[in-house]
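Peer 1: Kindly generate the corresponding structure for this input.
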Amino acid sequence: MEAIVKKKSALIEDLLSLTHNLIVEIDSGDPQPVDDKLKQRALILRELERVDRKIGTRSTTDDQRWMNQLEKVIEMDFQLKLRLELMMKDAETQLRKDRRIKTDLLEEFMLGSKGNKISSMV
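Peer 2: Down below sits the predicted model:
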């Protein structure tokens, strides 16, 4: 049981740290490590669930500390969710801008090509 308690404590610490780092990285604007860390976070959550099943309904001296830490994770999850939504919205806005620029350039090129054909005919 002691090994399981230590494992759960370590997993919750990892989850806290990873969630905090995710928020920092999203704020920095670098999306690549965010994907990797979200996958890593999902693995930790699955492992935490497995450890919880092993502990079952048994009470431990660490229960209150875990509850406090998980409350922090929930608060950070809310912040993380908001930041991810903003990041997705910004990415969508940038994609629209990029498409508009490409469309404008294509239209300009097409008009320029037509103008060259007309002037060469004259």
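
Peer 1: so after the host helix or strand of residue 3, what's the next helix or strand?
Peer 2: For residue 3, the host element (DSSP states H and E) is helix 2-28. Next helix or strand after helix 2-28 toward the C-terminus (DSSP H and E): helix 31-55.

Peer 1: low pLDDT regions in this protein?
Peer 2: Along the chain, the parts satisfying pLDDT under 70 run over 31-32, 113-122.

Peer 1: ok so, going back, what inclination does the helix holding residue 3 have with respect to helix 31-55?
Peer 2: 160 degrees (axes from the mean of the first three to the mean of the last three Cα atoms, to 10 degrees).

Peer 1: Output the contacting helices and strands for helix 2-28.
Peer 2: The contact analysis (3 or more Cβ pairs under 8 Å, 6 or more residues apart in numbering; DSSP states H and E) places helix 2-28 against helix 31-55, helix 63-121. From N, CA and C alone the C-beta is placed, and that goes for glycine too.

Peer 1: May I see the buried residues of it?
Peer 2: 5, 7-9, 11-12, 14-15, 18-19, 22-23, 25-26 (16 or more other Cβ atoms under 10 Å).

Peer 1: of all those residues, which comes closest to residue 53?
Peer 2: Nearest to residue 53 among those is residue 8, at 11.0 Å by Cβ to Cβ.

Peer 1: which residues touch the closest one?
Peer 2: 48, 51, 52, 55, 62, 66 (Cβ atoms under 8 Å, 6 or more residues apart in numbering).
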